[in-house]
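A.B. asks: Pasting the sequence and the predicted model now:
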Amino acid sequence: MNSLIKLELARALRNRKFLFFSVIYPSALFLLIAGNADSRTRLDGTGLTLPTYMMVSMASFGALTAVLMGNSERIAKERESGWVRQLRLTTLPGRGYVLAKTASAAVVSLPSIVIVFVVAAAVKDVRLDAWQWLALTGAIWAGSLVFAALGVAIGYLASGDAVRPITMITYFGLSMLGGLWMPTTTFPQWLQDIAKWLPTHAYAALGRSIEQSQSPHVQDIAILAVFFVLFAGGAAWLYRKDTLKA
């Protein structure tokens, strides 16, 4: 399995388009949205300035891009090309393939988080305690596993032609409705009520709690845990179903 993880990492690092969208794109969006923002005025209903709010949003968005977009399309295409079927002829267990995909995506997601933090600190003068930077990195990185499981599930659910539109709709829908691109406090009340139950909203809320030196809300942790079980369970079921068809 270690050899497969190394192979997956090498393939991801050679994909310049993937690296741009997962590593550079979130930082560029952060500068675009927060570039001219006041670093002292707090956003209504958030307790944070726009730069600190968007820093967590774009770091979460970058990790989401790496684990969701990277997993789903690659798995669907590998299924169509016969690569997954070839791997089944080896001694690699099924869970090893899924773990290799998740691990490689998680490693690539880490630079996107760190670069957003560096840009926010250097350009927008965002200042946090050392423990907050470490806790933010750990929370956003660990939380991305929820969406890595979703990426695996979509990869086994969709064909090579259908995987991109399905992934893009899921990707942009979760990002926008979850408040990664703009504060959910700007949404109509009915949309706010929906957004607070989405995994992306709970995901970003973990980081914002850390920025405010607060403990994460139990509801946010519970939402992420439930969605992880659903996504991982769905991925496991779809993998077994795909195996039986092979």
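C.D. replies: Sure, I can see it.
A.B. asks: if I look at the residue positioned nearest the centre of the chain, how far off is residue 148?
C.D. replies: Most central residue of the chain, judged by C-alpha distance to the mean C-alpha position with Cα atoms, centre = their mean, is residue 64 at 1.7 Å. If you measure residue 64 against residue 148 using Cβ to Cβ, to the nearest Å, the figure is 10 Å. For every residue, glycine as well, the C-beta is placed using N, CA and C.
A.B. asks: One more: residue 236?
C.D. replies: Noted for residue 236: a distance of 13 Å to residue 148, by Cβ to Cβ.
A.B. asks: re earlier: checking my notes, the residue nearest to the centre of the chain in a helix, right?
C.D. replies: Yes - under DSSP: H, G, I helix; E, B strand; the rest coil, residue 64 sits within a helix.
A.B. asks: change the start of the numbering to 30 and stick with it
C.D. replies: Okay, residue one is now 30; in that scheme the one you just asked about reads as residue 93.
A.B. asks: give the contact list for it.
C.D. replies: Residues in contact with residue 93, defined by Cβ atoms under 8 Å, 6 or more residues apart in numbering, are 173, 176, 200, 203-204, 209, 229, 232.
A.B. asks: now swap in residue 175 and tell me
C.D. replies: If you count contacts by Cβ under 8 Å, 6+ apart, residue 175 has them with 228, 232, 253, 256-257, 260.
A.B. asks: Can you tell me the element it falls in?
C.D. replies: With elements delineated by DSSP states H and E, residue 175 resides in helix 159-186, which encompasses its position.
A.B. asks: one step back: more crowded one of residue 265 and residue 177?
C.D. replies: Taking neighbours as other Cβ atoms under 10 Å, residue 265 and residue 177 compare with residue 177 leading, 29 against 17.
A.B. asks: before we move on, what SS does residue 52 have?
C.D. replies: Recorded secondary structure, residue 52: helix (three-state DSSP).
A.B. asks: Could I get the pLDDT score of it?
C.D. replies: Taken from the predicted model, the pLDDT recorded for residue 52 is 76.
A.B. asks: Can you tell me how far it is from residue 200?
C.D. replies: The gap separating residue 52 from residue 200 is 16 Å, by Cβ to Cβ.
A.B. asks: picking up where we left off before, ok, the residue nearest to the centre of the chain to residue 105 distance?
C.D. replies: According to Cβ to Cβ, residue 93 stands 18 Å off from residue 105.
A.B. asks: same thing with residue 52?
C.D. replies: With Cβ to Cβ as the criterion, residue 52 and residue 105 are 22 Å apart.
A.B. asks: okay, the two: which has more neighbours?
C.D. replies: Using other Cβ under 10 Å, the more surrounded residue of residue 52 and residue 105 is residue 105, with 24 against 21.
A.B. asks: Between helix 159-186 and the helix or strand hosting the more buried one, find me the angle.
C.D. replies: Assigned by DSSP H and E, residue 105 falls within helix 99-110. Relative orientation of helix 99-110 versus helix 159-186 (axes from the mean of the first three to the mean of the last three Cα atoms, to 10 degrees): 20 degrees.
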